[in-house]
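Asks: Would you be able to build a 3D model of this:
(one chain, ligands or ions: 5)
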Amino acid sequence: GFPPQDRDYHTYTETVAELDKAAAEHADLARKSSVGSSAEGRDIPVLKISDNVTEDENEPEVLFTCNQHAREHLTTEMCLHIVQRYTDGYSTDPAIAEMVDTREIWVVPMVNPDGSVYDVAGFGYRGWRRNRESTPTDLNRNWGYQWGCCGGSSGDPNASTYRGPAPFSAPETSAIRDFTDSRVIGGEQQIEAHIDFHTFSELVLWPYGYTENNTAPGMTQQQYDRFARIGRAMAASNGYTPQQSSDLYVTDGSINDWMWAEHGILSFTFEMYPGSGGIEGFYPPDEVIDRETARNDEAVSILLREAGA
Ligand SMILES: NS(=O)(=O)N[C@@H](Cc1ccccc1)C(=O)O
Ligand SMILES: [Ca+2]
Ligand SMILES: [Ca+2]
Ligand SMILES: [Ca+2]
Ligand SMILES: [Zn+2]
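Replies: Residues are numbered from 1 along each chain as shown. Ligands and ions are numbered 1, 2, ... in the order given. So this is what the prediction gives:
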């Protein structure tokens, strides 16, 4: 578990309990289900938030994924903050109620539960990034669009950016893939927009990551411009720096490239607080959780509104 001075961070067990609590306290708005299991057999839960939550209504759907990278624990808090805000806030905030009534929101607070558990299981933080397969995979290099194409990942099983032996070889990425594929109804992908939360550097990133070109097959200038416009609007609200992800460095097999190219989902990465630092940047004190999760409230609202536009 977390050390006493950081006890406000949620462990896997506490995260699952939070989702169960939200579903129990707001049975009309929130329902927990599973997208599958991790390498070590942990359930990977997803919470759906919407009015008439047991009905699949014809409303734009939006996905939030967190904690692909084990040590990036602030992202789990970000997803749990979204859960809390859009359930508890329903009865008090008309803008929240409007979004919950007219969208279907999916939240996956822990994509990589095994890695998250492992990172805090020792006598101090382990700085762990990948999953906990026998040969650990960097989940954010294991997605199947342009997998391993372009020097944006490693084929070395010992490397921190090891892409795995094949696309979707990791149970965690294949679980989220299957869930996303299942949201194609009548030939139409119901999910319109997505944010994958990471730490750190305070950035809003959009695809493609595999190429430094702004346009490429499956990304026209108009589509790029829409990513940039929305990315810049979100960054203006939280003070992060907006850029194409390959402006940072080239990555291949990232979640964003697959979500966009495969499903046409407006998919962003947020790199949260802090803006800079060394390994300690992955472990901000729990005192910053409330401030640094609420910092993204407006950006989340922007994306939810854009999904219905
Ligand atoms: N969180 S991080 O330190 O691993 N950085 C991310 C940054 C990133 C995220 C999505 C596409 C390209 C790059 C990574 O996957 O390398
Ligand atoms: Ca503290
Ligand atoms: Ca609904
Ligand atoms: Ca629906
Ligand atoms: Zn990350």
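Asks: Can you point out the buried residues in the top helix by length along the chain?
Replies: What stands out as the longest helix in the chain, according to DSSP state H, is helix 221-238. Buried residues in helix 221-238, counted by 16 or more other C-beta atoms under 10 Å: 223-224, 227-228, 230-231, 233-235, 237-238. All C-beta atoms are positioned from the backbone trio N, CA, C, and that covers glycine.
Asks: Just the element for His259, please.
Replies: Not His; residue 259 is Met. helix 255-263 (DSSP states H and E).
Asks: Can you dump the C-alpha atoms of the next helix or strand after that helix in PDB for me?
Replies: Next along the chain after helix 255-263, taking DSSP H and E as the criterion, comes strand 266-272. This file holds the C-alpha atoms of strand 266-272, laid out as PDB (Å, rounded to 0.1, in the frame of the first residue of the first chain):
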ATOM      1  CA  LEU A 266     -11.100  12.000 -30.800                       C
ATOM      2  CA  SER A 267      -8.400  10.600 -28.500                       C
ATOM      3  CA  PHE A 268      -6.000  12.700 -26.400                       C
ATOM      4  CA  THR A 269      -3.300  12.100 -23.800                       C
ATOM      5  CA  PHE A 270      -3.100  14.400 -20.800                       C
ATOM      6  CA  GLU A 271       0.300  14.400 -18.900                       C
ATOM      7  CA  MET A 272      -0.600  15.700 -15.500                       C
END
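Asks: do strand 266-272 and ligand 5 meet at all?
Replies: No. Using C-beta under 5 Å from the ion, we find that strand 266-272 stays clear of ligand 5, coming within 7.4 Å at best.
Asks: starting at the chain centroid, how far to the very next helix or strand once past that strand?
Replies: Remark: after strand 266-272, the chain's next helix or strand is helix 289-294, criterion DSSP H and E. Distance of helix 289-294 from its chain centroid, counting by C-alpha atoms, centre = their mean, to the nearest Å, is 16 Å.
Asks: Repeat that for stretch 160-180.
Replies: So, by C-alpha atoms, centre = their mean, the centroid of stretch 160-180 is 14 Å from its chain's centroid.
Asks: from here on, count from 840
Replies: Sure, I'll start numbering at 840, so the last one becomes stretch 999-1019.
Asks: and it, how far apart are its ends?
Replies: One end of stretch 999-1019 sits 26 Å from the other (C-alpha to C-alpha, to the nearest Å).
Asks: Would you quantify the distance from Phe916 to Asp1129?
Replies: Just to correct that, residue 916 is Glu rather than Phe. Distance of Glu916 to Asp1129, given as C-beta to C-beta, to the nearest Å: 9 Å.
Asks: More neighbours: those two, which one.
Replies: Glu916 (24 against 12; other C-beta atoms under 10 Å).
Asks: and the residue nearest to the more buried one when sequence neighbours are not counted, how many neighbours?
Replies: Distance criterion C-beta to C-beta, 6 or more residues apart in numbering; nearest residue to Glu916, sequence neighbours excluded, is Ile1128 at 4.8 Å. Residues contacting Ile1128 under the criterion other C-beta under 10 Å number 22.
Asks: got the residues of the chain near ligand 4?
Replies: 895, 943, 1029.
Asks: Mind listing the residues bridging to the second one?
Replies: Same thing as Glu943. Taking DSSP bridges as the rule, Glu943 bridges to Glu900.
Asks: how about Tyr1001, what does it touch?
Replies: 969, 974-977, 980, 992-995 (C-beta atoms under 8 Å, 6 or more residues apart in numbering).
Asks: And the helices in the chain, which stretches?
Replies: Going by DSSP H, the chain shows helices at 851-864, 912-927, 933-941, 952-958, 1010-1021, 1060-1077, 1084-1087, 1094-1102, 1128-1133, 1136-1146.
Asks: Export only the CA atoms of the third one, formatted as CSV.
Replies: Going back to what we said before, that points to helix 933-941. The C-alpha coordinates for helix 933-941 follow below in CSV (Å, rounded to 0.1, in the frame of the first residue of the first chain):
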residue,chain,number,x,y,z
PRO,A,933,-27.1,21.8,-13.6
ALA,A,934,-24.2,21.7,-16.0
ILE,A,935,-23.1,18.3,-14.7
ALA,A,936,-26.7,17.0,-14.9
GLU,A,937,-26.9,18.2,-18.5
MET,A,938,-23.8,16.2,-19.4
VAL,A,939,-24.9,13.1,-17.5
ASP,A,940,-28.4,13.3,-19.1
THR,A,941,-27.2,13.7,-22.7
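Asks: buried residues in it?
Replies: So, applying 16+ other C-beta under 10 Å, buried residues of helix 933-941: 935-936, 938-939, 941.
Asks: and that helix, average pLDDT?
Replies: When pLDDT is averaged along helix 933-941, the result is 98.
Asks: Can you flag the buried ones in the contacts of Tyr1001?
Replies: Buried among the contacts of Tyr1001 by 16+ other C-beta under 10 Å: 969, 975-977, 980, 992.
Asks: Perfect, that will be all.
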